[in-house]
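A.B. asks: Here is my input; please provide its structure:
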Amino acid sequence: MNSTSEIYPIKDRKLYRVCQKIVRGLIETNIETREDLNKIKRKIAGEDKLPPPSNVILLSVYRKLIGKKKIKRNEFLEGLLRKREIRTLSGVAVVAVLTRPSFCPGECIYCPKEKDIPKSYLSNEPAVMRAILANFDPFRQVQMRLRSLTRTGHETSKIELIVMGGTWSVLPKRYQRWFITRCFAACNTEGRRVVHGKTRRIKSLKEEQRINEKAKHRIVGLTLETRPDFINIKEIKRMRSLGATRVELGVQTIDDEILKNVKRGHFQEETIQATKLLKDAGFKVSYHMMPNLPGATPKKDFEVFEELFSLSSFRPDMLKIYPCLVIKGSELYKWWKSGRYRAYSKKELLELLIKIKSIIPPYVRISRLIRDVPAPSIEEGNKISNLREVVQTEMEKRGVRCRCIRCREVKNLKFKIENLKFVSREYEASEGREYFLSYEDVKGDKIIAFLRLRIPSQIFNKGQYFISELEGAAIIRELHTCGKAVPLKKKIKGASQHLGFGKKL
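C.D. replies: Numbers count the residues shown, from 1 in each chain. Model prediction:
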């Protein structure tokens, strides 16, 4: 990847000189907030009768000055200049890519069916717009995202790659391998594929995976999305060969009556079986859940989430909660127009989400609380884009807490080593036993690092292993250190990564 200064060149000499003054001024002044940063920007730029430059431009100049050894690195300033620091506060940089529009076997009534767009997605969603711009080429999508993250100051040495676009399992196998190979190749390629007039040849998947082990942008996690009824032993082995580490299942609900009503095409039993197979194969398992489906009530929805964690047949590691939306082009839109369907009111949805978040076990991470669907596309349903923050604020007012991993991650907060304790949580799941091991700041209720260890179901039911390499083994399904992403092989004062917590676990 080219340096930020090359990605964002500044041709105006006067602007460049002013940016240098601002950067030096920011370093020399003991600023504490973005408001302090903006005051200095306005003051120095105003002296030369220029508008305040963007943080992206300042970050570019800052990096150039470091490269020339004219200033020393200032991590606090980097944090203030980042566009959205939250993107890498979980310890990795998330890169989402979309597969091409393809056939989907589902007939779900809530699903939009926009032409030339992957089913269930809309052309004005940010990730879809990026994919369209890249003509759905995975190589270009990954490189565009890496450039964007780098330009805005994010650390990209550890990549969490998420492959979206509907049911992965129905795509042609040859296309699947081609797609993943190009994702790895994009992370292994500095900038453009054409260097000194020569085009870098993309190698086989295994070769690109091997190269990536020492690449500048390492894929440390690879997520695939599919339906529970498409998970079987053959599919799991294929996913492992592609390098997948997490599978997101479109569960939606575990109420069979509602699943039948919305024409989902599978039932609770398929979810139970898929979850067990995936966990026994070492995958992390995430459920997509959809409250407010036709036939649901706030009471029924809450009972569904209670069962997710009270019944050992489920107990996913992660959740994405997407309240049902009415979108033109879906069968549900016709239901809504005829009065057959009604979305929850803002108050009903808020109360439901507060109740759900208050019962989430500490070994679960709520990755998302809403879909990134622009409000103009929503005919009925939630249009609050910062719903998670609204829910959190209301919970704080009531003195209620969500103890999911995301809410307890240390992020960029400081912690005292003496407050850290090793915590071991044990629970039954999918006929096996799970150990959620962690280092936590017990006073601040913050999680620093964690490990998921599984004793698979075959140990207890004397069943046959379907993956010979795992026979008789306990499986580490996840090892993660939270906090701001830190470059590989580096330590940053005050950061939680690279302090040895992962090795201790």
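A.B. asks: in what helix or strand does the closest residue in space to residue 52 that isn't next to it in sequence lie?
C.D. replies: Spatial nearest neighbour of residue 52, excluding adjacent residues (CB to CB, 6 or more residues apart in numbering): residue 41 at 4.0 Å. The C-beta positions use only the backbone N, C-alpha and C, and glycine is treated the same way. Assigning secondary structure by DSSP states H and E places residue 41 in helix 34-47.
A.B. asks: Show me what that helix is in contact with.
C.D. replies: Residues from elsewhere that reach helix 34-47, judged by CB atoms under 8 Å, 6 or more residues apart in numbering: 18, 21-22, 25-26, 29, 31, 51-53, 55, 58, 80-81.
A.B. asks: which of those residues are buried?
C.D. replies: If you count burial by 16 or more other CB atoms under 10 Å, the buried members of the contacts of helix 34-47 come out as 18, 22, 26, 31, 52, 53, 55, 58, 80, 81.
A.B. asks: Turn the residues you listed into JSON lines, columns for distance to residue 158.
C.D. replies: Output for these, formatted as JSON lines (distance: CB to CB, whole Å):
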{"residue": "18", "distance to residue 158": "35"}
{"residue": "22", "distance to residue 158": "30"}
{"residue": "26", "distance to residue 158": "27"}
{"residue": "31", "distance to residue 158": "28"}
{"residue": "52", "distance to residue 158": "32"}
{"residue": "53", "distance to residue 158": "30"}
{"residue": "55", "distance to residue 158": "23"}
{"residue": "58", "distance to residue 158": "25"}
{"residue": "80", "distance to residue 158": "22"}
{"residue": "81", "distance to residue 158": "20"}
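A.B. asks: Now secondary structure too, for those, in a markdown table please.
C.D. replies: Formatted as a markdown table, those follow (DSSP: H, G, I helix; E, B strand; the rest coil):
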| residue | secondary structure |
| --- | --- |
| 18 | helix |
| 22 | helix |
| 26 | helix |
| 31 | coil |
| 52 | coil |
| 53 | coil |
| 55 | helix |
| 58 | helix |
| 80 | helix |
| 81 | helix |
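A.B. asks: I'd like the residues you listed written out as CSV, with pLDDT added.
C.D. replies: Shown next, in CSV, are the buried ones among the contacts of helix 34-47 (pLDDT from 0 to 100):
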residue, pLDDT
18, 87
22, 86
26, 84
31, 79
52, 84
53, 83
55, 81
58, 83
80, 77
81, 78
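A.B. asks: Relative to residue 306, which of those residues is nearest.
C.D. replies: For the buried ones among the contacts of helix 34-47, the residue nearest residue 306 by CB to CB is residue 80; the value is 42.0 Å.
A.B. asks: my guess is that closest one meets residue 31, correct?
C.D. replies: Yes - with contact defined as CB atoms under 8 Å, residue 80 reaches residue 31; the gap is 7.2 Å.
A.B. asks: can you tell me which residues contact residue 471?
C.D. replies: Neighbours of residue 471 in contact, by CB under 8 Å, 6+ apart: 458, 465.
A.B. asks: Please repeat the previous calculation with a cut-off of 6 Å.
C.D. replies: With contacts defined as CB atoms under 6 Å, 6 or more residues apart in numbering, residue 471 is in contact with residue 465.
A.B. asks: So which elements touch the helix or strand encompassing residue 278?
C.D. replies: Using DSSP H and E, residue 278 sits within helix 268-280. Helix 268-280 sits against strand 246-252, with contacts defined as 3 or more CB pairs under 6 Å, 6 or more residues apart in numbering; DSSP states H and E.
A.B. asks: Would you mind identifying the next helix or strand past the helix holding residue 278?
C.D. replies: For helix 268-280, the following helix or strand on the C-terminal side (DSSP H and E) is strand 284-289.
A.B. asks: Parallel or antiparallel, list what pairs with that following strand.
C.D. replies: Using DSSP bridges, strand 284-289 pairs in its sheet with strand 246-252 (parallel), strand 318-321 (parallel).
A.B. asks: which stretches of the stretch 301-450 of the chain have low pLDDT?
C.D. replies: 412-413 (pLDDT under 70).
A.B. asks: those strands in it, which residues are they?
C.D. replies: 318-321, 365-368, 420-429, 432-441, 446-455 (DSSP state E, counting those that start in this stretch).
A.B. asks: ok, for the residue most central in space within the chain, nearest residue in space, not its chain neighbours?
C.D. replies: Taking CA atoms, centre = their mean, the centroid of the chain lies closest to residue 94, which sits 5.5 Å from it. Counting by CB to CB, 6+ apart, residue 160 is the residue found nearest to residue 94 once chain neighbours are left out, at 4.8 Å.
A.B. asks: For that neighbour, give the beta-bridge partners.
C.D. replies: residue 94, residue 221.
A.B. asks: So it is in contact with residue 92, correct?
C.D. replies: Yes - contact criterion CB atoms under 6 Å: residue 160 and residue 92 qualify, at 4.3 Å.
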